[in-house]
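K.L.:
Need coordinates for the following:
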Amino acid sequence: MATILMIGTNKGLFLARSDDRRTWTVDGPHARMNEIYAVAVDRRGPAPRLMASVTSSHFGPSLLTSDDLGATWQEPDHAPVAFPKETGATLERVWAIAPGPADRPERMYVGTQPSALFRSDDGGNTFDLVRPLWDHPHRPDWGAGFGGQAIHTVLPDPSNPEAMVVAMSTGGVYRTVDSGESWKPGNTGIKAYFMPDPWPEFGQCVHKVARDAGDPARLYAQNHHGVYRSDDGGESWTSIAEGLPTDFGFAIVAHPHRGDTVWNFPIEADGVRFPPERRCQVYRSRDAGATWQGLGNGLPDEPFFGIVLRDALCTDDQEVAGVYFGTRNGEVYASPDEGESWHQVASHLPDVLCVRAATV
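P.N.:
You can find the predicted model right below:
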């Protein structure tokens, strides 16, 4: 089995490949000088499809696809994601790409900036705005995080094709159980210390949400100061930050097959965006956040200043999961054994914005 690792940076897309998840070849950049904010590997078709969100300072945002593992890339001759004229909105970039249910191989979702959800039923050639979320009465009051106002998390429910969770900065978590016809906020228990009411119905700056592999109703959230778990599909949340060196960060990811296992990369604080004690460590919990273990075997020992953004931590889909992360100083690390040991995949890349891995 071979593993492909998509590495999106602010100057193009790099592809790393390995037969043993220990030695890697890296090529690129593809789509050079474009910002790559989101990548995905869609395994539902006869061959894996690679997808990348590209943002050109000259041509604007678009989506690229490859059906030959990155040897060639295709771009539609039209804007695949565009706001209807009557909305008065303009697409700034795509922040999230999510394949739909396994039994609907042509369905795709993207989350965008400004905060919106789009759905495709033709494999990503064209996308339609999910109007009930765009028309939600809360939308005029959704704010913008430091990186902009965007839906960055799109999580279809594998146990219920009508259900989905999205998350945005700022606005928080929203849920649907009727294929997007109606949406409710799901932020009870998530604190927004920066707001006059620190426990609002919505307005939280949720940085990332991951879904548990063993229980689809169990979710994990990394907030702007706060790490949480929900056991009811996002209706309510409880803190699982105890045992972590800090509750700030951007990235959180769950095991692809085993329940209760989750990884996190802590950052000291919103105003001090370095790793705690300047140590490069990934933290893992195997009991749904009740306890955490720091994992740094093979990671740099010297003072470390790089951080991991919301989509720059991922796993592959093997039974013993590989874990991968990229940093804002252009380094990429891999673990073939769920974080027990690490090695460097690449260094001196541009600012890493996102990573995704899959067995091909």
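K.L.:
and residue 149, how far is that from residue 222?
P.N.:
18 Å (Cβ to Cβ, to the nearest Å). (Each C-beta comes from the backbone N, C-alpha and C, glycine too.)
K.L.:
out of the two, which sits in the more crowded spot?
P.N.:
Between residue 149 and residue 222, counted using other Cβ atoms under 10 Å, the more crowded position is residue 222 (29 against 19).
K.L.:
check contacts around residue 236.
P.N.:
Residues near residue 236 by Cβ atoms under 8 Å, 6 or more residues apart in numbering: 186, 188, 189, 230.
K.L.:
Swap in 7 Å and give it another go.
P.N.:
Neighbouring residues of residue 236 by Cβ atoms under 7 Å, 6 or more residues apart in numbering: 188, 189, 230.
K.L.:
Weed out the non-buried ones from those residues.
P.N.:
189, 230 (16 or more other Cβ atoms under 10 Å).
K.L.:
Make TSV from the contacts of residue 236 and add secondary structure and distance to residue 110 to it.
P.N.:
Putting those into TSV (DSSP: H, G, I helix; E, B strand; the rest coil; distance: Cβ to Cβ, whole Å) gives the following:
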residue	secondary structure	distance to residue 110
188	strand	27
189	coil	28
230	strand	24
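K.L.:
From residue 147, how far off is the residue nearest to the spatial centre of the chain?
P.N.:
The residue lying closest to the centre of the chain (Cα atoms, centre = their mean) is residue 311, at 3.8 Å. Between residue 311 and residue 147 the distance is 11 Å, computed by Cβ to Cβ.
K.L.:
before we move on, what about residue 126?
P.N.:
27 Å.
K.L.:
Also residue 161?
P.N.:
31 Å.
K.L.:
any weak-confidence spans in the stretch 151-300 of the chain?
P.N.:
Scanning the stretch 151-300 of the chain for pLDDT under 70 picks out nothing.
K.L.:
Do a quick rundown of the strands in it.
P.N.:
Using DSSP state E, counting those that start in this stretch, the strands of the stretch 151-300 of the chain run over 164-169, 172-176, 184-185, 206-211, 219-223, 227-230, 238-239, 248-254, 262-267, 282-285, 293-295.
K.L.:
cool, the stretch 1-150 of the chain as well?
P.N.:
Counting by DSSP E, counting those that start in this stretch, the strands of the stretch 1-150 of the chain are 3-9, 12-18, 25-30, 35-42, 49-56, 60-66, 93-99, 108-113, 116-120, 128-129, 150-156.
K.L.:
Could you give the number of residues near residue 11?
P.N.:
For residue 11, using other Cβ under 10 Å, the count is 19.
K.L.:
Distance check, the residue of the chain positioned farthest from its centre against residue 135.
P.N.:
The outermost residue of the chain relative to its centre, with distances by Cα atoms, centre = their mean, is residue 86 at 29.7 Å. Residue 86 sits at a distance of 11 Å from residue 135 (criterion: Cβ to Cβ).
K.L.:
And residue 100, by the same measure?
P.N.:
22 Å.
K.L.:
Kindly check the end-to-end length of stretch 169-185 for me.
P.N.:
13 Å (Cα to Cα, to the nearest Å).
K.L.:
what residues are up against residue 93?
P.N.:
37, 53, 55, 61, 112, 113.
K.L.:
what sits opposite it in the beta ladder?
P.N.:
residue 113 (DSSP bridges).
K.L.:
likewise the one 5 residues further on?
P.N.:
Listed beta-bridge partners, residue 98: residue 109 (assigned using DSSP bridges).
K.L.:
shouldn't it be in contact with residue 152?
P.N.:
No - counting by Cβ atoms under 7 Å, residue 98 does not reach residue 152; the two are 10.8 Å apart.
K.L.:
neighbour-wise, which of these two wins?
P.N.:
Counted by other Cβ under 10 Å, residue 98 and residue 152 do not tie: residue 152 has more neighbours, with 27 against 21.
K.L.:
Good, wrapping up.
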